[in-house]
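Engineer: this one's structure only:
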Ligand SMILES: [Zn+2]
């Protein structure tokens, strides 16, 4: 089996790997680079057959629904099957029409189901459901030509589904020749450091909610389902209502998991921001709206219950909150990667928080394994060789492991 990391050997985001066996090919992930200014075709890796005319390209496998792993699907033919988790596919399909910019809807293809092998050409593909901030995420074992390649995908062991990662580590697949291992946390944390757990985040949120004198605004991704659960649980502890928008309601439903908070649960309210009302009208989403309207409230009601409410904040709420006087005594909780806050794209938000003198509190933990857990994961899998991917620090893998080999982007090598 031949492998090529097309992108990701020395960067986080834009992951793309090609594997070849007996003249047939698979692509694993088709990510948009994190530094891309927009989702543009120019970022497509140089892989033959992305126009769907080459039968040697069997499928694209998507490990999980994060833009830096699937974004470039926007520029490849829908004739190429996309293999991914069923829930992840549903989330992307439902999310796309709500979001500005280019958010591809994946082409049809087989569904990944944890620990159920799929056969594609001479490849045997076995996915393992894993803990990550993206929903329905997998580590993937690829077997061909008597060789075994294990792709970690993005993962962690401190989220709400940590038990999935623990299970993989206690029941690891054997005889792994190569482990393609993500290393997002290297260079961000010291080698012995760990991240806060999602349970710690729930507690921190709960403490802030308990003391909030006005509306609490929590700014996170609606697709970070673990975080939404943490926020909801912290709300419950404090008798607060979680107020969501239609996009979030639709994403929560798209998980297909009715143990995850849903728009019709008693402690949840639906508030449709003005720009979303326009979107609903323009797209005739009346059925969608009706389906999620059981607990619908309007801004006047939010004014009445602001001290007992937590709003899942999106920037499209800004104008209305201001107009409704809901920023008095409000607190803004930033619950995303801190690097985004420094970027120019959030300058308007920094100004807004400052202008209204809203206290900003950071409560967040990473979607990626700490160096400590990266070490445990690789030790459990006992690969012959570890190859860095999805990292800015490939050279620092040597501090954790003694069987590391580096391969540059665009270079084919043999497993
Ligand atoms: Zn990810």
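Structural biologist: That came through fine. This one's a predicted model, so the numbers in the text were calculated from it and none came from an experiment.
Engineer: So what does residue 412 have for phi and psi?
Structural biologist: Phi and psi for residue 412, reported as degrees, to the nearest 10, are phi -90, psi 140.
Engineer: does the closest residue to the ion within the stretch 101-250 of the chain count as helix, strand or coil?
Structural biologist: In the stretch 101-250 of the chain, the residue that lies nearest the ion is residue 154 (3.5 Å; CB to the ion). C-betas here are computed from N, CA, C, even on glycine. Here residue 154 is coil, with the state taken from DSSP: H, G, I helix; E, B strand; the rest coil.
Engineer: Ignoring the adjacent residues along the chain, who's closest to it?
Structural biologist: residue 132 (5.0 Å; CB to CB, 6 or more residues apart in numbering).
Engineer: Go through the lowest-mean-pLDDT helix or strand in the chain and flag the buried ones.
Structural biologist: One helix or strand of the chain scores below all others by mean pLDDT, DSSP states H and E: helix 338-342, with a mean of 90. By 16 or more other CB atoms under 10 Å, the buried positions in helix 338-342 come out as residue 341.
Engineer: What's the mean pLDDT across whatever helix or strand comes next after that helix?
Structural biologist: Downstream of helix 338-342, the next assigned helix or strand under DSSP states H and E is helix 347-355. Helix 347-355 carries an average pLDDT of 96.
Engineer: What residues sit buried inside helix 347-355?
Structural biologist: Across helix 347-355, burial judged by 16+ other CB under 10 Å covers 349, 352, 353.
Engineer: Closest one to the ion out of the residues you listed, please.
Structural biologist: Nearest to the ion among these, with distances taken as CB to the ion, is residue 349, at 22.8 Å.
Engineer: Report the contact partners of the closest one.
Structural biologist: Shown in contact with residue 349 (CB atoms under 8 Å, 6 or more residues apart in numbering): residue 315.
Engineer: how about the residues of the protein that lie near the ion?
Structural biologist: By CB under 5 Å from the ion, the part of the chain that sits against the ion consists of 66, 134, 154.
Engineer: let's see 6 Å
Structural biologist: 64, 66, 69, 132, 134, 154, 367 (CB under 6 Å from the ion).
Engineer: how about residue 213, phi and psi?
Structural biologist: With angles defined as degrees, to the nearest 10, residue 213 sits at phi -100, psi -10.
Engineer: Hmm, I typed the wrong one, I wanted residue 149.
Structural biologist: Dihedral pair for residue 149: phi -110, psi 130, per degrees, to the nearest 10.
Engineer: Kindly report the same for the one 5 residues further on.
Structural biologist: Backbone dihedrals for residue 154, given as degrees, to the nearest 10, come out at phi -90, psi 140.
Engineer: same question, residue 389
Structural biologist: Main-chain dihedrals, residue 389, degrees, to the nearest 10: phi -150, psi 160.
Engineer: what's the neighbour count on the spatially closest residue to it that is not a sequence neighbour?
Structural biologist: Setting aside the residues directly before and after it, residue 389 is nearest to residue 8 in space (CB to CB, 6+ apart), at 4.6 Å. Per other CB atoms under 10 Å, the neighbour tally for residue 8 reads 26.
Engineer: Does residue 8 touch residue 392 like I think?
Structural biologist: No: at 10.6 Å, residue 8 and residue 392 do not qualify as touching, with contact defined as CB atoms under 8 Å.
Engineer: So which residue of the chain lies furthest out from the middle?
Structural biologist: Each residue of the chain has a distance to the centre, and by CA atoms, centre = their mean the biggest one is for residue 304: 34.5 Å.
Engineer: What helix or strand is it located in?
Structural biologist: Under the assignment here (DSSP H and E), residue 304 is part of helix 299-305.
Engineer: Moving along the chain from that helix, name the first helix or strand you hit.
Structural biologist: Using DSSP H and E, the helix or strand that follows helix 299-305 in sequence is strand 309-313.
Engineer: Give me the sheet partners of that next one and which way each runs.
Structural biologist: The strands beside strand 309-313 in its sheet (DSSP bridges) come out as strand 216-219 (parallel), strand 241-244 (parallel).
Engineer: Take those and lay them out in JSON lines including mean neighbour count and mean pLDDT.
Structural biologist: Listed next are the strands paired with strand 309-313 as JSON lines, based on neighbours: other CB atoms under 10 Å; pLDDT from 0 to 100:
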{"stretch": "strand 216-219", "mean neighbour count": "25", "mean pLDDT": "98"}
{"stretch": "strand 241-244", "mean neighbour count": "24", "mean pLDDT": "98"}
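Engineer: Of all those, which one comes closest to residue 345?
Structural biologist: The minimum distance between residue 345 and the strands paired with strand 309-313 falls on strand 216-219, with 13.4 Å, by CB to CB.
Engineer: Do you know the pLDDT at the residue farthest from the centre of the chain?
Structural biologist: Note on residue 304: pLDDT of 97.
Engineer: distance of residue 10 from residue 152?
Structural biologist: Distance of residue 10 to residue 152, given as CB to CB, to the nearest Å: 16 Å.
Engineer: can you check residue 227 too?
Structural biologist: Between residue 227 and residue 152 the computed distance is 22 Å (CB to CB).
Engineer: Likewise for residue 334?
Structural biologist: From residue 334 across to residue 152, the span is 28 Å (CB to CB).
Engineer: next one: residue 252
Structural biologist: Counting by CB to CB - residue 252 and residue 152 are separated by 27 Å.
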